[in-house]
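Participant: I'll drop the sequence and a predicted model, then ask my questions.
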Amino acid sequence: MPELPEVETIVRDLRLKVLQRTFIDIWTDAEKLIKFPAFPKFKKEIIGLKVEGVNRRGKNIIFELSERRILLVHLKMTGHLLLGKWRKTGALWRSEVSGPMQDDPTNRFLHLIFWLDSGQMIALSDMRKFAKVELRKASEFYSSKYFKDLGPEPLSKSFSSKELGERIQKRKRKIKQILMDQSVIAGIGNIYADEILWQAKISPFRPAESLSFWEVEDLCSAMKEVLKKAVAAKGSSVSDYRTLSGEKGKFQEIRKVYRKEGERCPKCGEKIKRQKIGGRSAHFCPKCQK
DNA sequence: AGTTGTGTTGAAGA
DNA sequence: ATCTTCAACACAAC
């Protein structure tokens, strides 16, 4: 699931590879992925635009293009971007280079392809076709409700436990749900919510407003620490996420609780439990998370 | 072989 | 306002 660390990894790699490149053609077999404008117009408009910047906001990938346009990509659950070269053989696209692009089935769900003037291609592989792709005028996008409603970036230097406290106090929902609310903090999903709460020794069931000053401080530092470690590990590939080159991240190897029901807590040895909170699985240690 | 679990977001319903 | 449910979609595991 691409959350902040996964999207950050993709954005950093894109910056190294596609700056100053121009889109020369696109293809899709799933026009519904393009939410705005409708596919024929999207295709006509993006051809000839140059990539001048690539940024991340929450879980959103924002390509800054020439003509003051932006290309927005949200990968949702099973989407990931790949950079490479493919050839169409029958119904499916086959990578021209061997390795994970060819061998890993996760990298074979190509539903949208961009050709660049460098000869490289950017492909969106998305088993469930939930991803969102939009081409908009930058001014309209940055002033949109969608963009303005995103909460602060947890890894920005200015994000402090004071701000976190202000944003979660008086909120009655469970802290796990608050952490995943993109309008409270941007970029955290199920994996990192569970990992952060374990690290901070806070139960996912606690009403957000019940956290003490010190617990908010612990939560804030756990958040920064876990997310930074995950970025350094190039994200988590528990299931579908892959890097631009089609490889798995490494954070799943060092995660402590997410999808580890029945295993031992690394801190106290108690068995990790799994329980639904608002329809989502929460993984936690019932002994050391209070 | 049908059922369930998977998680992000936004919309709809309570 | 705040919360819950569902839909979008497709596959693996049971």
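Facilitator: Perfect, I can see it now. Quantities reported herein were computed from a predicted structural model and do not represent experimental measurements.
Participant: which stretches in chain A count as strands?
Facilitator: Listed in chain order, the strands of chain A (DSSP state E) span A:23-28, A:34-36, A:51-57, A:60-65, A:69-74, A:79-84, A:86-89, A:92-95, A:110-116, A:121-126, A:132-137, A:273-277, A:280-284.
Participant: what are the pairing partners of the fifth one, and which direction each?
Facilitator: Using DSSP bridges, strand A:69-74 pairs in its sheet with strand A:60-65 (antiparallel), strand A:132-137 (antiparallel).
Participant: need the contact list for residue A:132.
Facilitator: Applying Cβ atoms under 8 Å, 6 or more residues apart in numbering, one finds that residue A:132 lies in contact with A:33, A:35, A:72, A:73, A:74, A:76. Quick note: C-beta positions are derived from backbone N, CA and C, even for glycine.
Participant: still on that earlier bit, between the strands of chain A, which gets nearest to residue A:168?
Facilitator: Ranking these by proximity to residue A:168 (Cβ to Cβ) places strand A:273-277 first, at 15.7 Å.
Participant: so what are the sheet partners of that closest one and their directions?
Facilitator: Under the criterion DSSP bridges, strand A:273-277 sits next to strand A:280-284 (antiparallel) in its sheet.
Participant: check whether the strand it pairs with contacts DNA strand B.
Facilitator: Yes - where contact is defined by Cβ under 7 Å from any atom of the strand, part of strand A:280-284 touches DNA strand B, namely A:280, A:281.
Participant: sorry, back to before: please convert the strands of chain A to CSV, extending it with distance to residue A:232.
Facilitator: As requested, the strands of chain A are exported to CSV (distance: least, Cβ to Cβ, whole Å):
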stretch, distance to residue A:232
strand A:23-28, 31
strand A:34-36, 33
strand A:51-57, 16
strand A:60-65, 20
strand A:69-74, 23
strand A:79-84, 19
strand A:86-89, 30
strand A:92-95, 27
strand A:110-116, 28
strand A:121-126, 24
strand A:132-137, 28
strand A:273-277, 27
strand A:280-284, 22
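Participant: so which of those is nearest residue A:246?
Facilitator: Between residue A:246 and those, the tightest spacing by Cβ to Cβ is seen for strand A:79-84, at 5.6 Å.
Participant: before we move on, the earlier item: which one of the strands of chain A lies nearest to residue A:257?
Facilitator: Proximity to residue A:257 (Cβ to Cβ) singles out strand A:280-284 among the strands of chain A, at 4.3 Å.
Participant: buried residues in that closest one?
Facilitator: Buried residues in strand A:280-284, counting neighbours by 16 or more other Cβ atoms under 10 Å, are found at A:282, A:283, A:284.
Participant: can you check stretch A:105-113 too?
Facilitator: Neighbour-count burial for stretch A:105-113, counted by 16+ other Cβ under 10 Å, picks out A:106, A:107, A:109, A:110, A:111, A:112, A:113.
Participant: using CSV, list the CA coordinates for that stretch.
Facilitator: These are the backbone C-alpha positions of stretch A:105-113, laid out as CSV (Å, rounded to 0.1, in the frame of the first residue of the first chain):
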residue,chain,number,x,y,z
PRO,A,105,3.6,-10.8,-11.5
THR,A,106,2.9,-7.6,-9.5
ASN,A,107,4.6,-5.7,-12.2
ARG,A,108,2.5,-7.0,-15.0
PHE,A,109,-0.8,-5.1,-14.5
LEU,A,110,0.1,-2.3,-16.9
HIS,A,111,-3.0,-0.1,-17.6
LEU,A,112,-1.5,3.3,-18.4
ILE,A,113,1.7,4.0,-20.2
